[in-house]
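> Sequence first, predicted coordinates after that:
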Amino acid sequence: MFAKYLRVLTGAKPCRKLVLLGLASEALYLTFALSFSLPAHWAGPLVDLGNMNDYSAQVFAGYIAFIVSLFGLFWLGYRILAECGTNQARLVIFAFTVAFHVTLIPMYPVTATDLFDYVFHMRIATHYHQNPLILCPGDFPNDIFFWYVSSSGLPTPYGPVWITLNYLPSLLGGDNLLLNLLLFKAVAVMFSLACIGLVYAILSRIRPGSRLEGAYIAAWNPLLIWEAAGNGHNDVIMALFLLLGLYLLVLGRKDLALPALTLSALAKFTTILLVPLFLLFLVRKTGGWRKKALFLMKTLLLSAALAALLYSPFWEGPSTLSILGRLDMFIGSFPALFLYTLELRLGPETSRAIVKALAAVAFGIAYIRVMLLRPRTISQLVRAAFWTMLSYLMLASFWFMNWYLIWLVLLVALADEELTAPMGLLSFTALLSYAIYIFVWVWNWERLNILALHLITVPLTFGGPLFLLLRGRMGMGREPLR
């Protein structure tokens, strides 16, 4: 059996090259997973790639080489993919996708420790039978997991869908922190793989000639693999239900598309920004004003009932929306850079008020522009969703983290090829920025204040990708969306 699959994998020269690229990528992931394994490091205090290695210059250089190599292999694979046979390429892509993800499950989350917070927030529900949307880890200072939490003063910012899906892993993990961490990472991996499967399924219907390329763009993107499998981030849960909504549209089940998007927003709130866009698209697809009104009433009532049902075990008034307590956190974004610049001349309160107002206006203008495009096809809806989420991250998200790009990676995989290069570059620069936060900032702690840090990281992360997007006139307005 193994020999049979090996012959399939290496039956064509271009496909053999793809296999070699996959093996090289797997070797890199495996090296990192073995060097920084979760079983070897979980029991100590919270660490990252820097302090677990005494901020070694060799580890810094090794991380840079690791990221550059992964993206180089990713780019080479994309270049030769069109030369491979469809069946062979599909097998290679998905086999290595599973391998990459599984390999990183036992790796310590060396560039973000949110995973430990996930475990504790769910422990509030499963161990203490309390509400994680109201109570925070700081309310349980004697818990055996307390000293592993990086943010003890806030409730979970995620919604009831996230809590529901992680209830069983938390219950099974019990008092075993290592088992909890592995189970939570396994959940992230399953959702990441499901997202990639949905990308392939959607493209098979809307652009079948591009389904392999689209699946590859998502499946082998190092940022998606690193953040989902390596760091265990839950953005793949939000993304899965967004993709499910798009897939239901493709299948003609438009009555279920908005409820699926509702599930996405109830995992992580950000996709609530896409609700008006989906509604506009759905109404345009429904003929006659009477039918439009009946459809709107049906889909809105179904979505509202779903939200009420899922929130009912946790709702304790407006304070249940714990995400509202995080709206004053500024880091890693253009608004944060602007804020810290203004604070040189204005007070913190005045600066924050100005930045929030300008961010709201800028995002509002961008949002209206996207809505005015009035998407008529699934492909146009995908592109409009991409520009909505990108505009939010660039203009209105005060707190930017690299794993937020998971949303964009998956949408770009469904979009036209012209967005592939900017998104690939943004994925690359985002992962490179970890080296600045983890190593360079610590090495230059006395010289790099928060403004200086942002003057380095924000242009590094966004400068090149924005140049590519602006050079293409942002892919909007120049020609009809395809």
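Alright, I've got the coordinates. All values derive from a computational prediction rather than experimental measurement. Numbers count the residues shown, from 1 in each chain.
> For residue 274, which non-adjacent residue is spatially closest?
What sits nearest to residue 274 in space, not counting adjacent residues and going by C-beta to C-beta, 6 or more residues apart in numbering, is residue 385, at 5.5 Å. C-beta: built from backbone N, CA, C; applies to glycine.
> Spit out the contact partners of the one you found.
The contact partners of residue 385, taken as C-beta atoms under 8 Å, 6 or more residues apart in numbering, are 242, 274, 277, 411.
> Which residue is most remote from the mean position of the protein?
Distance from the C-alpha centroid of the chain, by C-alpha atoms, centre = their mean, peaks at residue 290 (38.7 Å).
> Buried residues in the helix or strand that that residue is a member of, which are they?
Assigned by DSSP states H and E, residue 290 falls within helix 289-311. Within helix 289-311, the residues that count as buried by 16 or more other C-beta atoms under 10 Å are 295, 299, 303, 306, 307, 310, 311.
> contacts for stretch 437-454?
Counting by C-beta under 8 Å, 6+ apart, 48-50, 55, 59-60, 111, 332, 336-337, 340-341, 343-344, 436, 456-457 sit against stretch 437-454.
> make it 10 Å
For stretch 437-454, contacts defined as C-beta atoms under 10 Å, 6 or more residues apart in numbering pick out 48-51, 53, 55-57, 59-61, 63-64, 110-111, 330-334, 336-344, 402, 433, 435-436, 455-457.
> Same question for stretch 375-384.
Residues outside stretch 375-384 that contact it (C-beta under 10 Å, 6+ apart): 202-203, 205-207, 243, 245-247, 249-250, 257, 274, 277-278, 280-282, 284-285, 369-371, 373-374, 385, 410-416, 418-419, 475-476, 480-482.
> Could you export stretch 94-112 as CSV, CA atoms only?
Extracted C-alpha coordinates of stretch 94-112, given in CSV (Å, rounded to 0.1, in the frame of the first residue of the first chain):
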residue,chain,number,x,y,z
PHE,A,94,-3.5,17.5,1.7
ALA,A,95,-1.1,14.8,3.0
PHE,A,96,1.6,17.3,3.9
THR,A,97,-1.1,19.7,5.3
VAL,A,98,-2.1,17.1,7.8
ALA,A,99,1.6,16.3,8.6
PHE,A,100,2.5,20.0,9.2
HIS,A,101,-0.4,20.5,11.5
VAL,A,102,0.1,17.3,13.5
THR,A,103,3.8,17.9,13.8
LEU,A,104,3.3,21.2,15.6
ILE,A,105,0.7,19.9,18.1
PRO,A,106,3.4,18.9,20.7
MET,A,107,5.3,22.2,20.2
TYR,A,108,5.4,24.8,22.9
PRO,A,109,3.6,28.0,21.7
VAL,A,110,6.8,29.9,21.6
THR,A,111,5.5,33.2,20.2
ALA,A,112,2.2,33.5,22.0
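> and that stretch, what's its mean pLDDT?
Here stretch 94-112 scores 96 as its mean pLDDT.
> Show me which positions of that stretch end up buried.
For stretch 94-112, a neighbour-count test (16+ other C-beta under 10 Å) marks 94, 96-97, 99-101, 103-112 as buried.
> And the buried residues of helix 289-311, which is closest to residue 270?
Within the buried residues of helix 289-311, proximity to residue 270 (C-beta to C-beta) peaks at residue 307, which comes in at 15.5 Å.
> Pull the residues that contact stretch 37-45.
Identification of contacts with stretch 37-45 by C-beta under 10 Å, 6+ apart yields 34, 47, 51-52, 104-110, 115-116, 147-148, 177-178, 180-182, 185, 232.
> Report the buried residues of that stretch.
38, 41, 42.
> Put together a markdown table for those, with pLDDT and distance to residue 68 on each row.
What follows is these, written out as a markdown table (pLDDT from 0 to 100; distance: C-beta to C-beta, whole Å):
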| residue | pLDDT | distance to residue 68 |
| --- | --- | --- |
| 38 | 93 | 25 |
| 41 | 88 | 25 |
| 42 | 87 | 29 |
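> Please produce TSV containing the residues you listed, extended by secondary structure.
Below are the buried residues of stretch 37-45 laid out as TSV (DSSP: H, G, I helix; E, B strand; the rest coil):
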residue	secondary structure
38	helix
41	helix
42	coil
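> what residue lies at the spatial centre of the chain?
By C-alpha atoms, centre = their mean, the chain has its centre lying nearest to residue 406, at 2.7 Å.
> what's the closest non-adjacent residue to it?
In space, residue 406 is closest to residue 235, 4.3 Å off (C-beta to C-beta, 6+ apart).
> wait, isn't that neighbour in contact with residue 118?
No. The pair residue 235 and residue 118 fails to qualify as a contact (C-beta atoms under 10 Å) at a distance of 11.9 Å.
> shared neighbours of those two, which are they?
Residues within reach of residue 235 and of residue 118 at once, by C-beta under 10 Å, 6+ apart, are residue 188.
> Tell me which stretches of the stretch 301-450 of the chain form helices.
Here the stretch 301-450 of the chain has its helices, by DSSP state H, counting those that start in this stretch, at 334-342, 348-372, 378-391, 405-414, 420-435, 441-443, 450-471.
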